[in-house]
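Provide a 3D model corresponding to the input given below.
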Amino acid sequence: MRSTRMVTVHAACRLLAVALGAAVALVVAGSPASAHGQLAISDPVAGATVSQPKQTLELYFTEAPATNAYFTVTAPSGVRVDAGWRPGPEKRLDRPVTELFLVNGKWEPRLYHTGYAALVQVAHWPEKGEYTASYLSVASDREPVRGTVKFTYSGTPTAAPQGWTPPTNAADPALLAAAENPDPPSSANPGSTTSTHTTAPAPPPTDNASGATGDSGVTVWLLPVLLLVAVAAMVFLVIRPKRGARINTGPANRRRPATSAAARRAAAARKSVANQSARNTQPSRKRGGNR
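As a prediction, this is how the structure comes out:
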């Protein structure tokens, strides 16, 4: 009884651990970015392997990068191979990107279907290995937009252009200041979600989430909580003792060990001998009584 109960408790604990991991994964995977202007897709994608030298890396954001945005491409040895960037044409995203907007104290999701390109030039590919494309910008809501895309180059190394020197320029000090000290959103209009940005005005979203309301953003966080509550209730029902069931609390309540087969055979033999002895004494008593 006790070993069976321990197995049940261990199984319930494993179930709770799996549910907790699933809830965490749901929160991480299902929570859209609260900042705006984030990277939507890239070519090459993160973790990809490039077998042919590319002249341009394509990074698509949910809004146009700031005019003083900063991009770099670094070879495995640490040398920079980027040769500047320029805005590119817009592109319809295969999968829309969800971003949250704070409206009157509530987070509202909005879907973005359009990617705004930043085309980063690559001067040459000096070696095989992992390359890193980095970006830094500021979105229209004054939030920093930064990150990296790492991929592997497996093709033939290419020579640098004649007269080429690796760039050493740093990001614009104004861009760094804006990224490190984002301005609070404008309070002139309580319903406004973004503030005006002179270098990268925010494009309006091409589509809103279907049926989205002010409470839709909260649902993303509510689902894992409900999942954990449900699993905790299941675990409680599994491990709690049933009504009227005996609980072993001490030696007095422990079940006596079952009698072995050998002991039962010995007891039966003793009983048989006793019965035979009793039958053997009966005739003598009868003869004595007839005299």
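
Residue 126 and residue 41: what is the separation?
According to C-beta to C-beta, to the nearest Å, residue 126 stands 26 Å off from residue 41. To be clear about C-beta, it is placed using only N, CA and C from the backbone, and glycine gets the same treatment.

can you check residue 123 too?
Distance from residue 123 to residue 41, by C-beta to C-beta: 24 Å.

what's across from residue 135 in the sheet?
Residue 135 has these beta-bridge partners by DSSP bridges: residue 71, residue 147.

got the contact list for it?
Residue 135 makes contacts with 39, 59, 65, 69-71, 118, 145-148, as judged by C-beta atoms under 8 Å, 6 or more residues apart in numbering.

So residue 77 sits against residue 126, correct?
Yes - in this structure residue 77 lies within contact range of residue 126 using C-beta atoms under 8 Å: 7.3 Å.

who's more crowded, these two?
residue 126 (17 against 8; other C-beta atoms under 10 Å).

So that one sits against residue 160, correct?
Yes - the pair residue 126 / residue 160 is scored as a contact, 7.0 Å apart, by C-beta under 8 Å.

sorry, back to before: just the buried ones from the contacts of residue 135?
39, 59, 65, 69-71, 118, 145-146 (16 or more other C-beta atoms under 10 Å).

Quick check: the farthest pair among those?
Greatest spatial distance in the buried ones among the contacts of residue 135: 39 and 70, 14.0 Å, computed using C-beta to C-beta.

what about the strands in the chain?
Counting by DSSP state E, the segments of the chain that form strands are 39-43, 49-50, 56-61, 70-74, 82-87, 91-103, 106-122, 129-138, 144-153, 207-208.

Out of those, name the one with the poorest average pLDDT.
Ranked by mean pLDDT, the strands of the chain bottom out at strand 207-208, with a mean of 39.

What's the local residue count around the nearest residue to residue 96 once chain neighbours are set aside?
Excluding the flanking residues, the one nearest residue 96 by C-beta to C-beta, 6 or more residues apart in numbering is residue 111, at 4.3 Å. As a burial measure, residue 111 scores 19 neighbours (other C-beta under 10 Å).

Over to residue 93?
Neighbours of residue 93 using other C-beta under 10 Å come to 17.

What of residue 114?
A count of nearby residues for residue 114, using other C-beta under 10 Å, gives 19.

going forward, begin numbering at 377 instead of 1
Done: numbering now begins at 377, and the last item shifts to residue 490.

thought it was touching residue 468?
Yes - between residue 490 and residue 468 there is a contact at 6.5 Å, judged by C-beta under 8 Å.

before we move on, the earlier item: could I get the buried ones among the contacts of residue 511 as CSV with distance to residue 514?
Formatted as CSV, the buried ones among the contacts of residue 511 follow (distance: C-beta to C-beta, whole Å):
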residue, distance to residue 514
415, 14
435, 15
441, 9
445, 8
446, 10
447, 14
494, 13
521, 7
522, 9
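
can you tell me which two in the contacts of residue 511 are farthest apart?
Farthest pair in the contacts of residue 511 (C-beta to C-beta) is 441 and 524. Separation: 15.0 Å.

mind putting the strands of the chain in JSON lines, distance to residue 646 included?
As requested, these are exported to JSON lines (distance: least, C-beta to C-beta, whole Å):
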{"stretch": "strand 415-419", "distance to residue 646": "88"}
{"stretch": "strand 425-426", "distance to residue 646": "84"}
{"stretch": "strand 432-437", "distance to residue 646": "93"}
{"stretch": "strand 446-450", "distance to residue 646": "92"}
{"stretch": "strand 458-463", "distance to residue 646": "99"}
{"stretch": "strand 467-479", "distance to residue 646": "84"}
{"stretch": "strand 482-498", "distance to residue 646": "84"}
{"stretch": "strand 505-514", "distance to residue 646": "85"}
{"stretch": "strand 520-529", "distance to residue 646": "84"}
{"stretch": "strand 583-584", "distance to residue 646": "91"}
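
Figure out which of these is closest to residue 558.
With C-beta to C-beta as the criterion, residue 558 lies closest to strand 520-529 of these, at 6.3 Å.
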